[in-house]
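Engineer: 3D model of this:
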Amino acid sequence: MSDGVRPGALRYVLQVLAYGAFAAVIAYFSTSPPYRLRGDNDALVKLSFSHSGQLMQACRERGAEELAKLAPNMRTKMDCPRQRADVLLELDMDDKPLYRIKTPPTGLRQDGAATVYRRLDIPAGRHVFRARLADGPDGIFHFARDIDLNLAPGQVLIVDFLTAEGGFVFIHG
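Structural biologist: Numbering: from 1, shown residues only. Model (predicted):
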């Protein structure tokens, strides 16, 4: 080349310009447009639990004739089916449905726990929550709890179900 510019130097200059433009685009999109997790006047309800429903059928005792028909390694006196009932959950806010789900048990034999996780954005302020759970084959709500709370903007309410604690637990802070 007659002008004294080497092709390698030009390539490096163009690479620096390309990397600079790429860095500028990344810098712009890291701050703009602004990302907002939730609105200025919103609170959050997190519904999260894992619960095993009741057995679909009660255990029964096998008779002598029935035991004799079974293979020797299968001769157990009690016959206990493993399948569990679906878990039905209803969460209301201010006497209006907020979330409903009927979730089946997990596992190949449908003998595991039913698991629920849900995030719900709600307006901040005073609300009355009612949670109900049916875990038997009859579909009757055996667990229920109501709570009246004033949630501030940005506050999180966790709704959990703990059998050892007697049912629903509401944690807010």
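
Engineer: now the terminal residues of stretch 65-79, how far apart.
Structural biologist: End-to-end span of stretch 65-79 (Cα to Cα, to the nearest Å): 14 Å.

Engineer: chain center to that stretch: distance?
Structural biologist: A distance of 42 Å separates the centroid of the chain from that of stretch 65-79, by Cα atoms, centre = their mean, to the nearest Å.

Engineer: buried residues, it. List them.
Structural biologist: By neighbour count on 16 or more other Cβ atoms under 10 Å, the buried set for stretch 65-79 is empty. Glycine gets a C-beta too; all of them are placed from N, C-alpha and C.

Engineer: how about stretch 112-123?
Structural biologist: Quick answer for stretch 112-123 (16+ other Cβ under 10 Å): Gly112, Ala114, Val116, Ile122.

Engineer: show me where the chain has helices.
Structural biologist: Ranges of helices within the chain are 7-31, 64-69, based on DSSP state H.

Engineer: so for the last one, mean pLDDT?
Structural biologist: I take that to be helix 64-69. Averaging pLDDT along helix 64-69 yields 90.

Engineer: re the thing from before, can you lay out the helices of the chain as TSV showing distance to Gly166?
Structural biologist: Output for these, formatted as TSV (distance: least, Cβ to Cβ, whole Å):
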stretch	distance to Gly166
helix 7-31	47
helix 64-69	40
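
Engineer: so what's the spatially most central residue of the chain up against?
Structural biologist: Nearest residue to the geometric centre of the chain (Cα atoms, centre = their mean): Tyr117, 1.1 Å. For Tyr117, the contact set (Cβ atoms under 8 Å, 6 or more residues apart in numbering) comprises Lys46, Leu47, Ser48.

Engineer: most neighbours among these, which one?
Structural biologist: Greatest neighbour count in these, by other Cβ atoms under 10 Å, goes to Leu47: 20 neighbours.

Engineer: so it sits right up against Arg118, yeah?
Structural biologist: Yes: Leu47 lies in contact with Arg118 (Cβ atoms under 8 Å); the separation is 4.5 Å.

Engineer: common neighbours of these two, please.
Structural biologist: Common neighbours of Leu47 and Arg118 are listed as Tyr99 (criterion: Cβ under 8 Å, 6+ apart).

Engineer: which one of the helices of the chain lies closest to Ile140?
Structural biologist: Proximity to Ile140 (Cβ to Cβ) singles out helix 64-69 among the helices of the chain, at 31.8 Å.
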